[in-house]
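Q: okay, sequence plus prediction incoming.
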Amino acid sequence: MEIAVIGGGHGAYAAAADLSEAGHDIRLWRRDAAALGPLLETRALQLKDGRGDRSIGLQLVTTDLGEAVRGARVVLVPLPATAHENLAVHLAPLLEDGQILLLTPGCLGSLIFARALRDAGNDANIIIAETPTLPWLARKHGPATVSITTRTTILPTGVFPASATEAAMPVIRQVLPEAVPAQDVLDVALLNGGPMIHPPLILMNAGPIEHCDRWDIHKEGTQPSTRAVQDALDAERIAAREALGYEEPHWRLADHYGVGGKTSMYGDLAHDRLTASGDWSEKLDLQDHRYMREDIQLGLVLIASLGAAAGVAMPVADGLLALAGAVVGEDIRAQGRTTDRLGIGALGAADLRSLVREGYRR
């Protein structure tokens with residue numbers, strides 16, 4: 001299958017290598033030619049995982065977004081949600097009839113891209129889908145090398161509009177065989193584990209993060225007190241899901257940590273494999289790191305906003321957002337992904353569920 005992979009970060013490199021090895025024709029796009037470096041010449045990524053090290057060839061490596069997208073069956077966006085608004089403006093005019101735009105992760109980015117399509121006057125029949133997490137736990141080890149620690153074994157996937165789920169899922173499963181249909185993109189947005197895991201870890205470990213040259217928040221920073229806050233925060237997320245009419249599975253955060261023998265989206269003992277890799281021992285800039293700007297300013301703000309709209313008290317989320325705002329010196333919600341900024345703030349629960357099921361009227 002012809003797949004355009006958009007981006008140049010950990011997720012994009014992991015996606016390009018993994019999917020090319022699976023037999024797909026991969027076009028990798030990144031805006032910055034200098035950052036692409038040797039990939040522009042060799043069109044090959046070095047992949048490291050549990051099966052060893054190997055070179056994976058790509059069909060195309062380009063800085064031309066139109067060249068990457070033209071004729072692709074699936075346009076895969078394994079970028080942080082912070083890139084959505086800017087990318088949507090440039091991508092919307094280029095998307096073609098019959099394509100599937102797949103956001104991994106989404107954080108209700110489907111609504112942003114759908115609006116961008118309308119604003120661009122693009123009336124093509126395009127289906128948008130999103131997942132709650134990146135399908136790969138991966139880290140780049142250089143300009144052309146990526147290490148994959150683990151992959152998702154089950155991946156809830158929402159389709160926008162949800163009425164297109166039956167048509168889209170067979171194609172999506174050719175790309176991500178572990179994908180399973182969720183009810184809709186709102187269901188998936190409320191399954192995002194990043195805003196449950198990372199805000200307590202970076203805010204409660206701010207001292208050692210800023211003091212140490214390198215710090216592994218998942219290993220040294222995950223202690224009983226942080227786990228207690230994470231679980232309390234996760235309980236608020238589940239309460240918001242239930243208030244909006246979503247039932248099990250809620251994919252509780254405890255599953256990620258292997259509590260009670262449960263399996264997470266990344267399989268058994270995902271947290272243990274992550275910490276054992278050593279790849280997450282790093283220097284974090286609390287002002288700009290994606291844990292702050294994606295998982296808090298977008299993800300946690302969105303979940304808190306949805307909870308408030310559903311009448312659910314979320315004191316732990318509100319407290320973490322207040323702390324994050326103090327750390328960065330700004331109102332973290334002001335530019336966050338609230339329901340108002342997504343254009344759905346005035347919708348009641350029933351109307352919101354109708355929107356994600358049927359999409360915007362043409």
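A: It's in.
Q: contacting residues around the spatially most central residue of the chain?
A: Averaging the C-alpha coordinates of the chain gives a centre point, and the residue nearest to it by CA atoms, centre = their mean is Pro105 (2.0 Å). For Pro105, the contacting residues are 81, 130-134, 192, 194, by CB atoms under 8 Å, 6 or more residues apart in numbering. Using the backbone N, CA and C atoms, a C-beta is placed for each residue, glycine as well.
Q: repeat that for 7 Å
A: Contacts of Pro105 were listed using CB atoms under 7 Å, 6 or more residues apart in numbering, and they are 81, 130-134, 192.
Q: for the helix or strand bottoming out on mean pLDDT in the chain, buried residues please.
A: Within the chain, judged by mean pLDDT, DSSP states H and E, the helix or strand with the poorest mean is helix 270-277; its value is a mean of 74. Along helix 270-277, these residues count as buried under the neighbour rule (16 or more other CB atoms under 10 Å): 270-271, 274-275, 277.
Q: do stretch 155-174 as well
A: Neighbour counts using 16+ other CB under 10 Å place 155-162, 164-165, 168-169, 171-172, 174 of stretch 155-174 among the buried residues.
Q: now, these that are in strands?
A: Using DSSP state E, the members of the buried residues of stretch 155-174 that fall within strands are 155-160.
Q: closest to Asp285 out of those?
A: Lowest distance from Asp285 to these (CB to CB) belongs to Leu155, with 29.5 Å.
Q: for the closest one, what are its contacts?
A: 131, 135, 176, 178-180, 265.
Q: if we use 8 Å, what do you get?
A: Taking CB under 8 Å, 6+ apart, one finds 131, 133, 135, 176, 178-180, 265 in contact with Leu155.
Q: secondary structure of the residue nearest to the centre of the chain: a helix, I assume?
A: No. In this structure, Pro105 is coil, not part of a helix, as judged by DSSP: H, G, I helix; E, B strand; the rest coil.
Q: now it: how far from Glu330?
A: In this structure, Pro105 and Glu330 are 24 Å apart, going by CB to CB, to the nearest Å.
Q: with Lys219 instead?
A: Distance of Lys219 to Glu330, computed by CB to CB: 30 Å.
Q: now Asp279
A: To Glu330, Asp279 is 30 Å away according to CB to CB.
Q: more crowded one of the two?
A: In this comparison of Asp279 against Glu330, neighbours counted by other CB atoms under 10 Å, the higher total goes to Asp279 at 19 against 13.
Q: that one and Thr150 touch, don't they?
A: No. Look at Asp279 against Thr150 with CB atoms under 8 Å: they stay out of range, at 10.9 Å.
Q: contacts only, for Asp99.
A: Rather than Asp, residue 99 is Gln. Shown here is Gln99, whose contacts under the criterion CB under 8 Å, 6+ apart are 69, 72-75, 124, 126-127.
Q: please narrow those residues to those residing in strands.
A: Applying DSSP E to these, the entries found in strands are 74-75, 127.
Q: for those, pick the one with the most neighbours.
A: When neighbours are taken as other CB under 10 Å, the top entry among those is Val75 (27 neighbours).
Q: please name the bridge partners of that one.
A: With DSSP bridges applied, Val75 shows beta-bridge pairing to Ala4, Leu101.
Q: next up, the contacts around it.
A: Under the criterion of CB under 8 Å, 6+ apart, the contact partners of Val75 comprise 3-4, 6, 69, 91, 95, 99-102.
Q: done for today, thanks.
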